[in-house]
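Q: give the three-dimensional model of this entry:
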Amino acid sequence: MSERKNDMIPEGTSPTEEDKFFILWGRESLKNNLVLANEVLRQLVTLNSALLGGSIAFLDEKVIAPSFKVWVIVAFSLSLIVSFLGMMPYEGSVDLRIPEQIKQHKEKALKSKRRYLWAAGLLLGFGFAFALAGMISR
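A: From the prediction side, this is the model:
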């Protein structure tokens, strides 16, 4: 009976240097996802501020229909607000002695940041779509 058990156990191999490289890279990528999301949200705040200021100052009625200009400004304003809110630190309590809680906390934080990223990106896209529609209607 014991011989049959040993036959069923697969024999393992040591990971190659390439395997170790990709495992380490994967871990670093997971660790950096939250930092990257914050950085993108920060850049969206800057981009939205510039676009909002430009659309208020430079979108003339000769270029874009006034009703579309309002929607462009609203979309860029909302995108700016969402980006700014997403940039704020994620709040939550976690016991730093329990790895599973740390993992869950970081996953929730990243999920929250991604929601803000998608919302800000969609609003930014809507702003450009309204601007384009307003120019075409002229």
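
Q: use CA for all of it now, contacts and neighbours both
A: Fine.

Q: confidence score at Leu80?
A: Looking at Leu80, its pLDDT is 95.

Q: Glu28 now?
A: In this model, Glu28 is scored at 87, pLDDT.

Q: mind checking how far it is from Arg114?
A: Separation of Glu28 from Arg114 (CA to CA, to the nearest Å) stands at 18 Å.

Q: neighbour-wise, which of the two wins?
A: Arg114 (18 against 11; other CA atoms under 10 Å).

Q: helix, strand or coil for the closest residue to the more buried one other than its chain neighbours?
A: Spatial nearest neighbour of Arg114, chain neighbours left out: Ala37 (7.0 Å); criterion: CA to CA, 6 or more residues apart in numbering. Put simply, Ala37 is helix when judged by DSSP: H, G, I helix; E, B strand; the rest coil.

Q: show me where this protein has strands.
A: Ranges of strands in the chain, per DSSP state E: none exist.

Q: helix or strand with the lowest mean pLDDT in it?
A: Ranking every helix and strand in the chain by mean pLDDT, DSSP states H and E puts helix 2-8 at the bottom, with a mean of 60.

Q: tell me the pLDDT at the closest residue to Leu78 other than its chain neighbours?
A: Leaving aside its sequence neighbours, Leu78 sits nearest to Leu123 (CA to CA, 6+ apart; 6.8 Å). With respect to pLDDT, Leu123 has a value of 97.

Q: ok so, going back, give me the neighbour count for the residue nearest to Arg114.
A: Other residues within reach of Ala37, judged by other CA under 10 Å, total 21.
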